[in-house]
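[1] give me a model of this one.
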Amino acid sequence: MITIRPITVDDSAAFLALCLQLDAETQFMMLEPGERTTTAEEQRVRVSELLARPNQTILVADSSDGLAGYIEGMGGDYRRNRHCAYVVIGVRQSFAGQGLGTRLSAALEQWARAHALHRLELTVMTHNERGIALYRKVGFEVEGVKRHSLLVGGTYVDEYAMGKLLSQ
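    As a prediction, the model looks like this:
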């Protein structure tokens with residue numbers, strides 16, 4: 001059974017391990033294998049600082065086999081964009097295709113509504129068909145294309161900018 005819950009500072013080492021695993025498992029995350037140099041203590045400080053901000057969170061999917069995935073909502077820093085949160089999601093390959101992304105997205109939306117956020121936004125590589133299908137399924141819409149925004153394996157890759165309004 002997988003439980004979705006807010007991250008705690010005590011999860012920092014396990015969360016760092018999850019991020020390192022995701023870096024190695026997929027080319028759809030931002031960092032390449034070996035590029036993440038965060039120490040366990042730096043991760044602990046980052047989680048602590050994130051938890052101190054009312055418009056930011058990380059929700060983790062906790063399984064008997066460790067952390068299975070996460071979703072992060074990073075709210076804006078200024079009055080003009082505090083109502084928005086940038087979303088990052090990652091699910092271990094061994095848990096892919098089991099509805100975990102949908103559950104994490106629903107949990108983040110519930111958190112966002114409880115914290116009076118109005119907009120969720122993200123970017124996704126245009127060839128990440130599973131990711132795009134998930135985001136559309138949970139209500140995100142393509143708002144534009146960021147041409148050649150990433151360099152992956154020596155090839156420039158486009159990204160969709162996607163957004164979702166929580167209330168109107």
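[2] from here on, contacts and neighbour counts on C-alpha atoms
    Noted.
[3] ok, the residue most central in space within the chain to Ser64 distance?
    Geometric centre of the chain, nearest residue: Val88, 1.9 Å, by C-alpha atoms, centre = their mean. As judged by C-alpha to C-alpha, to the nearest Å, Val88 and Ser64 stand 23 Å apart.
[4] same question for Glu141.
    From Glu141 across to Ser64, the span is 34 Å (C-alpha to C-alpha).
[5] more neighbours: which of the two?
    A side-by-side neighbour count of Glu141 and Ser64, using other C-alpha atoms under 10 Å, places Glu141 first with 17 against 9.
[6] give me the beta-bridge partners of that one?
    Judged by DSSP bridges, the bridge partners of Glu141 are Gly163.
[7] mind listing the helices for the protein?
    Under the criterion DSSP state H, helices of the chain are mapped to 12-25, 40-51, 100-114, 129-137.
[8] relative to Gln93, which of those helices is closest?
    Taking C-alpha to C-alpha, helix 12-25 is the member of these nearest to Gln93, at 6.9 Å.
[9] got the buried residues for that closest one?
    Buried residues in helix 12-25, counted by 16 or more other C-alpha atoms under 10 Å: Ser12, Ala13, Phe15, Leu16, Leu18, Cys19, Leu20, Leu22, Asp23, Glu25.
[10] what would that helix look like as PDB? C-alpha coordinates only.
    C-alpha atoms of helix 12-25 as PDB (Å, rounded to 0.1, in the frame of the first residue of the first chain):
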ATOM      1  CA  SER A  12      15.500  14.200   3.500                       C
ATOM      2  CA  ALA A  13      18.000  11.400   3.000                       C
ATOM      3  CA  ALA A  14      15.400   9.100   1.500                       C
ATOM      4  CA  PHE A  15      14.200  11.900  -0.800                       C
ATOM      5  CA  LEU A  16      17.700  12.600  -2.000                       C
ATOM      6  CA  ALA A  17      18.100   8.900  -2.800                       C
ATOM      7  CA  LEU A  18      14.800   9.000  -4.700                       C
ATOM      8  CA  CYS A  19      15.900  12.000  -6.700                       C
ATOM      9  CA  LEU A  20      19.200  10.300  -7.500                       C
ATOM     10  CA  GLN A  21      17.400   7.200  -8.700                       C
ATOM     11  CA  LEU A  22      15.000   9.200 -10.900                       C
ATOM     12  CA  ASP A  23      18.000  11.000 -12.400                       C
ATOM     13  CA  ALA A  24      19.400   7.600 -13.400                       C
ATOM     14  CA  GLU A  25      16.100   6.000 -14.500                       C
END
